[in-house]
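Chemist: Fold the stuff below for me.
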Amino acid sequence: MRVLLVDDEEAILRLSRMLLRQGGIESVETCHDSRRVRELVAKGGYSAVVLDLTMPHFTGEEVLAQLREVDPSLPVIVMTGLNEVETAVRCMKAGAFDYMVKPVEATRLVSGVRRALEIQQLHRELDDLKQHMLADSLSRPEAFESIITQSPRMRTLFNYIEAVAPGSRPVLVTGETGSGKELFARAVHLASGRKGPLVTVNAAGLDDHVFSDTLFGHKRGAFTGAEKERAGLVSQAAGGTLFLDEIGDLSPASQVKLLRLLQDNEFLPLGSDTPVRSTARVVAATNVDLRAAQETPDFRSDLYYRLQGHTVQIPPLRERMEDLPLLVRHFAKHAAGDLSKPVPSLPKELFPLLATYHFPGNIRELEAVVYDGVSRCNARTLSLAPFKKHIDRARDERPAPALPPDDRSPMRLFGDLPTLKEVQVLLIDEAMRRADGSQSLAARLLGITQSGLSKALKRLRDADS
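Modeler: Got it, this is the predicted structure:
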């Protein structure tokens, strides 16, 4: 993101450019002639302008008016030696993003320009998001090839990722265990077009010392056994993406260090007093509810708000059951290749059977049960037995549901309390609907034998005749 400095004094331009580059803002250009500013900005490519007020030819206020005509969304920071309230108010009313009085402190200049760049980047991301949503097309479909889906909800997520991926703001990927958070982090990296690598670290179980050494590295002699300098993963991810998995398990001390990395794009290697600039984009993932966690001492609220600027919420498998056939076929083909077996055909009863299960382990659990089924298969058609056994075992291990409080009981939906026969009719109808008309599957859902269900259906038919 390019910054244009405009001032008629060459010394001020050199000093301001040096301060911005020391603050991590690398792409800084200068202009000492106010007559050229409009032409430069009209060519495009600038994300912020720092403008002096007192200049020959055109005053800063006149240049500000010109820039508002060329690009009303471009943030313009006025920097002047005039400490006059009337002038400041006039500039802000004319559309200036900020007003600074010379001599400007380095931290004030850097933070002001950085804030302007962040706002401009957010505007661009919103424009990109609108274009992606309206076009409903992917510019980089190859970034999402590893995610098997035909779900419209997932397609919406892909469009969102493409819109925000080119930026530098952190991305938070949330979802249940086994939902594919690492695949989405990789998609963010690929869609960003970054030239650097994707570097992954699992934060679960790391104490603060190991976390700091792993991410930030250390200097020689920083601690006992540190015989030579070592670069951390942040340095290895330079120009690329740093993926922090299980971010919800970070210790409070590690959270402080990560917050500094996100806020200032700087970190301190162990044993060093000199901060190092980071050019890695951070993508974090968790299955923890950080919104709830940040209201407790377990997770810092300021870190939470830094992370959730761009949030990708992956739906669980039970909310995208239209993907079941694709996923099962994909995993069956992969398992057959891994086991050097022919790919088995899939029985038509398999998908209605799987659709009756809630898959707490999501995609990872489905992959495991399909692999197990293929490994046990010695026929042309995949057997339902391993799938039924897995589902039955998972249901047996589930704790019995607690009785709901009176105000949450489903019976309160009825005006009059239904009879046992009426409840039986409702349960059987719902089970048959979920089982797609299969009596064997409906019986499994109801926890009875197929013959028991057949007798119940016969009794109901006889009672109606």
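Chemist: buried stuff in the host helix or strand of Lys455?
Modeler: Using DSSP states H and E, Lys455 falls within helix 450-464. By neighbour count with 16 or more other C-beta atoms under 10 Å, helix 450-464 contains the buried residues 453, 456. From N, CA and C alone the C-beta is placed, and that goes for glycine too.
Chemist: quick one: that helix to chain centroid distance?
Modeler: 51 Å (C-alpha atoms, centre = their mean, to the nearest Å).
Chemist: so what does it touch, helix or strand wise?
Modeler: Packing partners of helix 450-464 (3 or more C-beta pairs under 8 Å, 6 or more residues apart in numbering; DSSP states H and E): helix 420-434, helix 439-446.
Chemist: Any chance you could list what contacts the first one?
Modeler: I take that to be helix 420-434. Contacting residues not belonging to helix 420-434 are listed as 355-356, 418, 439, 441-443, 445-446, 453, 456-457, 460, 463 [C-beta atoms under 8 Å, 6 or more residues apart in numbering].
Chemist: Tell me where the model's unsure across the chain.
Modeler: For the chain, residues meeting the criterion pLDDT under 70 lie at 128-136, 396-417, 465.
Chemist: for the lengthiest helix in it, packing partners?
Modeler: Longest helix in the chain by number of residues, with DSSP state H as the criterion: helix 106-135. On a contact count with 3+ C-beta pairs under 8 Å, 6+ apart, helix 106-135 meets helix 10-22, strand 46-51, strand 76-80, strand 98-101, helix 152-164.
Chemist: Just send these back as TSV, with distance to Arg395 too.
Modeler: Formatted as TSV, the helices and strands packed on helix 106-135 follow (distance: least, C-beta to C-beta, whole Å):
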stretch	distance to Arg395
helix 10-22	62
strand 46-51	56
strand 76-80	63
strand 98-101	61
helix 152-164	27
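Chemist: can these go into JSON lines with extra columns for distance to Gly271 and mean neighbour count?
Modeler: Output for the helices and strands packed on helix 106-135, formatted as JSON lines (distance: least, C-beta to C-beta, whole Å; neighbours: other C-beta atoms under 10 Å):
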{"stretch": "helix 10-22", "distance to Gly271": "23", "mean neighbour count": "16"}
{"stretch": "strand 46-51", "distance to Gly271": "36", "mean neighbour count": "24"}
{"stretch": "strand 76-80", "distance to Gly271": "38", "mean neighbour count": "24"}
{"stretch": "strand 98-101", "distance to Gly271": "37", "mean neighbour count": "18"}
{"stretch": "helix 152-164", "distance to Gly271": "36", "mean neighbour count": "19"}
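Chemist: This structure: strands as residue ranges?
Modeler: 2-6, 28-31, 46-51, 76-80, 98-101, 171-174, 198-202, 217-218, 230-231, 241-245, 266-267, 276-277, 281-286, 310-313 (DSSP state E).
Chemist: Generate TSV for these, with distance to Ile12 as supplementary columns.
Modeler: Output for those, formatted as TSV (distance: least, C-beta to C-beta, whole Å):
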stretch	distance to Ile12
strand 2-6	8
strand 28-31	9
strand 46-51	10
strand 76-80	9
strand 98-101	12
strand 171-174	38
strand 198-202	40
strand 217-218	37
strand 230-231	37
strand 241-245	37
strand 266-267	26
strand 276-277	24
strand 281-286	33
strand 310-313	37
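Chemist: Tell me how far stretch 302-315 lies from the chain's centre.
Modeler: In terms of C-alpha atoms, centre = their mean, the centre of stretch 302-315 is found 6 Å from the chain centre.
Chemist: Use 6 as the first number from now on
Modeler: Let's use 6 as the start, then, which means that last one is stretch 307-320.
Chemist: Can you list the neighbours in contact with that stretch?
Modeler: With C-beta under 8 Å, 6+ apart, stretch 307-320 has contacts from 130, 156, 158-159, 162, 165-166, 169, 172, 174-181, 184-186, 189, 193, 252, 260, 263-264, 267-268, 289, 295-296, 298-299.
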